[in-house]
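Engineer: Predicted model and sequence below, questions to follow.
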Amino acid sequence: MTANPQYPADRQITDADLLAALLPDSPAGAAPAPLVPAAQPTLDVAALLELARRQGALEAAVTAKTTPAEDKLSSGPIVPRWAVGTAVASVGVGAGALLLGWALDLLAAGAAAVAAGITAAAPMLLVGAVVVAALLGRRKGNGAFEVTQTVTQTITQTVRGGGRR
């Protein structure tokens, strides 16, 4: 192929040009190739049967002919069993992971609620713990409580003296 056109732009292609392009240049190329008959294979039926028996094709053909013809849809599963098992296992693993995540989320929410409750009730729990500790510390061995009351008084006495009467 070149950048220069083979034919001038104003030239028309005729039927002779088309035939010349389609037909070969030499008369030898136009002659058909001689047909050589292929060697006919010799068929040995016993050898073919033995080969089919070794490959298991004969038993499969006999078994297929002895079973009654059934509808293709009711003859067996369309999807292989391993594919169904794989799909079921993957759904089970996904559902298990989902349930585990949900349980962990609930556990975290519960722990946060308990921590918030303890934080909110800490002052009251501290006062209660002091009261319980005080009551338990005052207990006697027989189970009765001992109450001690201390009264502090200031007595002021003024003595006047020094004068005679």
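Structural biologist: Perfect, I can see it now.
Engineer: looking at this structure, which helix or strand is least sure?
Structural biologist: Lowest mean confidence among the helices and strands of the chain (mean pLDDT, DSSP states H and E): helix 27-30, at a mean of 60.
Engineer: Quick check: mean pLDDT of the helix or strand just after that one?
Structural biologist: Counting by DSSP states H and E, the next helix or strand C-terminal to helix 27-30 is helix 45-55. The average pLDDT within helix 45-55 is 78.
Engineer: Which neighbouring elements make contact with helix 45-55?
Structural biologist: helix 57-66 (3 or more CB pairs under 8 Å, 6 or more residues apart in numbering; DSSP states H and E). Every C-beta, even on glycine, is put in place using the N, C-alpha and C of the backbone.
Engineer: Could you pull out the strands in the protein for me?
Structural biologist: For the chain, no strands are identified by DSSP state E.
Engineer: Name the spans of it whose pLDDT lies under the cut-off.
Structural biologist: 1-3, 5-8, 24-39, 41, 57-77, 138-146, 163-165 (pLDDT under 70).
Engineer: longest single helix anywhere in it?
Structural biologist: Determined from DSSP state H, the single longest helix within the chain is helix 81-137.
Engineer: which residues touch stretch 105-123?
Structural biologist: The contact list for stretch 105-123, computed with CB atoms under 8 Å, 6 or more residues apart in numbering, reads Leu125.
Engineer: for it, which positions count as buried?
Structural biologist: The neighbour-count check on stretch 105-123 (16 or more other CB atoms under 10 Å) flags nothing as buried.
Engineer: Gly56 - how many residues pack around it?
Structural biologist: 9 (other CB atoms under 10 Å).
Engineer: I meant to write Ala47 there.
Structural biologist: As a burial measure, Ala47 scores 10 neighbours (other CB under 10 Å).
Engineer: No more questions from me, cheers.
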